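Undergrad: return atomic coordinates for the entry below.
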Amino acid sequence: MSPEANSAPRSLAESLRMRDDASLAALLRSRPDLITPVPTDLTQLATRAGTRASVLRALERLDRFALQTAEALAVAPDPASYGTLHGLMAGDTGDPAVAAALPRAVATLREQALVWGDDDRLRLVRTAQELLAPSAQHPSPTGLGPSVQEATSGMSPGRIQEIVACAGLPSTHDSVSAVAALTGLFTDRRKMAKLLSQAPEASREVLSRLVWGPPYGQVTPDPAAHLRWLLDRGLLLPTAPGTVVLPREVALHLREGRAHREPEPRPPAVEPATTHDAQVVDATAAGQAYTALATVEELLKDWDEGGPAVLRAGGLSVRDLKRTAVALDVSEPVAAFWVELAYAAGLLASDGEADERYAATPAHDEWLELPPAERWARLAQAWLAATRTPGLIGGRDAKDRTLSALGPGLDRSAAPEVRHRVLTLLAGLPAGAAPAADAVLARLRWERPLRGPRPDGEEDLRSRLARWTLAEAELLGVTGRGALSAHGRALLGGTAPGQPAGGARSAGPGDKLPVHHRPAAPAEPPTAAEQAVAAGAAARLLAPLLPEPLDHVLLQADLTAVAPGPLRRPLAETLGVLADVESKGGATVYRFTPASVRRALDAGRAAADLHAFLTAHSRTPVPQPLAYLIDDVARRHGHLRVGAASAYVRCDDDALLNEILADKRSAALRLRRLAPTVLATQADPATLLEGLRAMGYAPAAESAEGDVLIARAHAHRTPPRTAPEPVPDGPPPPDATLLSAAIRAIRAGDLAATAPRKATGAAPARGELPRTGSAETLATVQAAVLTGEALWIGYVNAEGSASQRVIAPIRVEGGFVTAYDHTADEVRTYPLHRITGVAELEE
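TA: Numbering: from 1, shown residues only. Okay, here's the model as predicted:
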C-alpha cells in the first residue's frame, strides 16, 4: 500500500487513483464519453471528467434527489463535511427519509466523479460547482442567493463596519474579520433568533417573501423604514443600484437549515390505476398485434407497384400522407406511425431512381414468409430500438421547416431509452395492472429532472416521448388496455410481474465503498444474441393468441363475401384481385363487381378457374348472381381487342364496332374505321382500353402477335437496403471487454506517468515526455540491457501520438530496442529514433 493511499486525496486525480478496478469500471460505464478515446492516465481521465460538456451530460443523468444533493453541495462551504451536507438536506429538525437516502445520493455522485474527498472534506468538481452555484444570471433551483462574503465583495470597508455595528457586533480592524463576524452571527441560530425578534413586522414580511426565492428584490433610492432596518443590519445586501439580495446564511436560518423547500428522497410511486384480468390484457394486445401486422401488410401492398414520390428535401408530402391515411382508414398521425415503423424495420425505403419513389424492400418479401408472431417480434424490436420519432411529424424544426414523415430531423437519441424505461415501469406492476399516464411522467421527471419542463411551459421532449410510447405500445400490441402484455414483458427480457423496475441500494458515505454498498450500475444494453432470445420468447408467447388463418369465406347473394377472420395468404391475394374490400374489422367484407371480375380475367384467370376457386373456398354454395356475373363478364371479355396503331380496336362482329362508332361517348377517342372489323385511333392503347371500359365494354389488350396480354401487377422493389441505424445519445456504453482493456491501459499509463525517477539536472514536469539526445538514449538503453533495470521513456508512434512507457530493455540491435513493456504488459520492439528520451527509475 502506497503512502498516498493512506492519506486523504488532494485532487480528483488522486481520488480516482485510490479507486479499485470495479469502481473505475462503474465510472466509465456510466460516463462512456470519458473513454472516447481512452485516456493515457488517470490525470487525463480526471481532466476529462471535469470538462463542461462531460459534467453537463453526467448531471443530466442524475435523479432528482442526487441532483438536489449536488445543488446543496454547491451552496455549502467548500469543502463541506457529510454532517454539513446532511443539515442542508434534512434541516435542523431532521428527516428520516432524507437521512436514509442521502448515503446513496453521495455514493452516486462519487461514482460519477462529480464529488470527491473523504466524508469530512466533500468537494464538488469545479465545473459542477460553477454550473450549480447561484448567481444573478443563473439562479439556483435551491432559491438561495450569494453568501455574505460574496455579496459584500465590492462593498466599502466603512459600510461593512456600519453594518457590523448596527447588528450589535463589536467593530473589527479589517473587512475580512468583519465579514467573518457577520457570517458567524447569521449562522448562529440563537443569536439570529434574538436579532429577528427585534425586527418590525413589515421587515419580517419582506424576509418571508424572499426566503424560498428568488432572493433578489428592488428598492428605491430612499427605502422605507422597514427596508432600511434590514439593510442596516445586513439582512438585505445591495448587489446593484436599486437591487438587494437576501444573503444565503440568513435564508438558511429562516428555512431552518434546509437548502430545498421540498427534498424528494423517494421517487414517485407508479401505482396501478386500473386492473384487468391478465388473460384479457394478453388477448387485447394480441388483437392489436394482428391489426398491426395487417396494417403494415396493407400499407406495403398499396405501395407494391411503387409508392409516393420522395420530396426534394426528403420525406413524404402532406398530400401523400393524407392519401395513405385514407387507404389505411386511420388518422394521419397513426398513418405516420405505421409508415415510420415499416421504415425502421427495413421493409420500405426510397428506390434511388431518377424519379425517386418509396417502395418495399427485398427484406419485405422475406418478412412476409415468416410466421405472424415472428413478423410482429421484428416490428416490435425495430420500434424499441428506433430513434426516429413519428410524434414529431407535422411539427417544426429549429429552422421553422415542417417535419415530414420519412424525412430528416426526426431522430431523437433519447427515444429508445425512454421507451425501455416506460415499459420497464409497466413491467414492475402486477400482471394486468395499468398505471395512470401522469404517474409514469412524474416518475420519469424525477429520474431525469434536468430534462424536465421547459421555461416556456411547453412539455419537455422526454415527457412527450413517454406519452407517445404509451400510445404506440397500445397500437403495436405491446400493451393491452394500458397494461403490459405477457409477450411485451418477454420482449424486455422477461421481467417478472411486480418486480421493482430498477433502482439503487443504499450506500454508506465514504470514498471507498464495499461492493454491497455501491449503487447499482446502469444496465448494459442487450447484445444482439440477447435481443434475439427475447424476440423469440415474445413470439412464442404471442403465437397461440393470434387467430389461425382461414382457408374459406362465406359467399352471399348480394355479391359479397365475408371473411370471418384472417385468410391464408394465397386465398387473400387471389380474393383481393377478384373482389374489392368493402369493410374491415373482425370480419372483412369483399364485394364482387364487373370491374373486379374483369381485373381477375385480365390477370390470366379463366371463368372456369374463378368458378372452381370460389367453389373450393366457400363454405356456402356459390350464389347464382355471382355465377352469372362471372359468366357475363367473361363472355364479353376479350371480344374487343386493343393494340398499338397508335392504337386499334378489332372485333369479328362489325355490328359491335358500328355501335361503338355511333356512341357519342366515343367522340373523345376519335375512332375511325380502317376495315370492317378494325377501328384505329391516335390515343395510346391504355387510354383506349380505359375509354372503352368506361363505356361498359370489356376489351382485352393484345400483343403485336395477336395474343391476349395478361395484366399482372408488377411488384416494384428497391435495391437491397438496410434498416436505418439509430442515432446514439453520445458514445455507446462500453462492453466488459473494452472496459477491462481501457482500465488496464489507464493504469499502465498512470504507472508510467507517476513512476519515481532518478533526479537529473533537467527532469521533465509530470505529464511531459523525457527529452534526451540520441547518443544518451542509446547509451542508457544499452546499460539497462546489461543491468536489467527498467526505464521510463517517451515514445511517438507512426501516427504522431505521444505516450509515456515503462520498459525493461532486453536487447538493442539494428536501431531497434526489444523490451518488456510494463505499460502494455507484453514484449514489444521500438525504433530508437521514435524514443524522445529516457530516464532511469529509482530503486
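Undergrad: so where's the stretch 451-600 of the chain shaky on pLDDT?
TA: 451-458, 494-525 (pLDDT under 70).
Undergrad: where in this protein is pLDDT low?
TA: 1-6, 451-458, 494-525, 638-645, 704-715, 752, 755-769, 842-843.
Undergrad: middle-most residue in it, spatially?
TA: Nearest to the geometric centre of the chain sits Ala414, at 2.1 Å (C-alpha atoms, centre = their mean).
Undergrad: select the longest strand from the chain.
TA: Taking DSSP state E as the criterion, the chain has its longest strand at strand 802-813.
Undergrad: partners of that one in the sheet?
TA: Its sheet considered, strand 802-813 pairs with strand 791-796 (antiparallel), strand 816-821 (antiparallel) by DSSP bridges.
Undergrad: show me what stretch 804-824 is in contact with.
TA: Residues from elsewhere that reach stretch 804-824 (C-beta atoms under 8 Å, 6 or more residues apart in numbering): 40-41, 745, 748-749, 751-753, 755, 769, 778, 781-782, 784-785, 788-795, 803, 826-833, 835, 841. C-beta: built from backbone N, CA, C; applies to glycine.
Undergrad: can you tell me which of those are buried?
TA: Neighbour-count burial (16 or more other C-beta atoms under 10 Å) applied to those gives 40-41, 745, 748-749, 751-753, 755, 769, 778, 781, 784-785, 790-795, 803, 830, 835.
Undergrad: go through the residues you listed and flag which are in helices.
TA: Per DSSP state H, helices hold the following members of the buried ones among the contacts of stretch 804-824: Ala745, Ala748, Gly749, Leu751, Ala752, Ala753, Leu778, Val781, Ala784, Val785.
Undergrad: in the residues you listed, find the pair that's most separated.
TA: Ala745 and Leu778 (28.0 Å; C-beta to C-beta).
Undergrad: would you mark the buried spots in stretch 127-136?
TA: Thr127, Ala128, Gln129, Leu131, Leu132, Ala133, Pro134.
Undergrad: nearest to Pro625 among those residues?
TA: For those, the nearest to Pro625 is Leu131 (78.6 Å; C-beta to C-beta).
Undergrad: so what touches the host helix or strand of that closest one?
TA: If you go by DSSP states H and E, Leu131 is part of helix 126-132. The set of residues external to helix 126-132 that reach it, using C-beta under 8 Å, 6+ apart, is 50-52, 55-56, 59, 70-71, 73-74, 78, 114, 124, 140.
Undergrad: looking at the residues you listed, which are in helices?
TA: Arg52, Val55, Leu56, Leu59, Ala70, Glu71, Leu73, Ala74.
Undergrad: export these to JSON lines and tack on distance to Ser177 and neighbour count?
TA: Shown next, in JSON lines, are these (distance: C-beta to C-beta, whole Å; neighbours: other C-beta atoms under 10 Å):
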{"residue": "Arg52", "distance to Ser177": "36", "neighbour count": "11"}
{"residue": "Val55", "distance to Ser177": "35", "neighbour count": "24"}
{"residue": "Leu56", "distance to Ser177": "39", "neighbour count": "13"}
{"residue": "Leu59", "distance to Ser177": "37", "neighbour count": "21"}
{"residue": "Ala70", "distance to Ser177": "32", "neighbour count": "25"}
{"residue": "Glu71", "distance to Ser177": "30", "neighbour count": "25"}
{"residue": "Leu73", "distance to Ser177": "27", "neighbour count": "28"}
{"residue": "Ala74", "distance to Ser177": "26", "neighbour count": "22"}
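Undergrad: hang on, the earlier thing: let's have the contacts of helix 126-132 in a markdown table, adding distance to Ala662.
TA: As requested, the contacts of helix 126-132 are arranged in a markdown table below (distance: C-beta to C-beta, whole Å):
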| residue | distance to Ala662 |
| --- | --- |
| Gly50 | 93 |
| Thr51 | 88 |
| Arg52 | 86 |
| Val55 | 88 |
| Leu56 | 83 |
| Leu59 | 85 |
| Ala70 | 91 |
| Glu71 | 91 |
| Leu73 | 97 |
| Ala74 | 94 |
| Asp78 | 102 |
| Leu114 | 91 |
| Leu124 | 96 |
| Ser140 | 91 |
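Undergrad: and the furthest pair within these?
TA: Of all pairs in the contacts of helix 126-132, the most separated under C-beta to C-beta is Thr51 and Ser140 at 21.8 Å.
Undergrad: tell me which of the two has more neighbours.
TA: Ser140 (21 against 14; other C-beta atoms under 10 Å).
Undergrad: how near is that one to Ala251?
TA: According to C-beta to C-beta, to the nearest Å, Ser140 and Ala251 sit 11 Å apart.
Undergrad: repeat for Gly234
TA: Gly234 is 13 Å from Ala251, by C-beta to C-beta.
Undergrad: the helices in the stretch 201-350 of the chain, which residues?
TA: 201-210, 225-232, 248-254, 278-302, 318-328, 332-344 (DSSP state H, counting those that start in this stretch).
Undergrad: what's the closest of those helices to Pro9?
TA: When the helices of the stretch 201-350 of the chain are compared by C-beta to C-beta, helix 248-254 sits nearest Pro9, at 27.4 Å.
Undergrad: check which helices and strands the closest one sits against.
TA: Packed against helix 248-254 by the contact rule (3 or more C-beta pairs under 8 Å, 6 or more residues apart in numbering; DSSP states H and E) you find helix 175-187, helix 189-197, helix 201-210.
Undergrad: and the contacts of that helix?
TA: Contacts of helix 248-254 with the rest of the structure, by C-beta under 8 Å, 6+ apart, involve 75, 88, 134, 143-148, 183, 186-187, 189, 192, 207-208, 210-211, 215, 235, 258-259.
Undergrad: cutoff 6 Å now
TA: Here helix 248-254 makes contact (C-beta atoms under 6 Å, 6 or more residues apart in numbering) with Leu144, Gly145, Ser147, Val148, Thr183, Phe186, Thr187, Met192, Val211, Leu235.
Undergrad: dump the strands paired with strand 802-813 to JSON lines, plus distance to Pro241.
TA: Below are the strands paired with strand 802-813 laid out as JSON lines (distance: least, C-beta to C-beta, whole Å):
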{"stretch": "strand 791-796", "distance to Pro241": "57"}
{"stretch": "strand 816-821", "distance to Pro241": "65"}
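Undergrad: what's the neighbour count on Gly352?
TA: Gly352, neighbours per other C-beta under 10 Å, totals 12.
Undergrad: which SS class is it?
TA: Three-state call for Gly352 (DSSP: H, G, I helix; E, B strand; the rest coil): coil.
Undergrad: that one and Gly432: what is the separation?
TA: Counting by C-beta to C-beta - Gly352 and Gly432 are separated by 47 Å.
Undergrad: likewise Ser81?
TA: Separation of Ser81 from Gly432 (C-beta to C-beta) stands at 49 Å.
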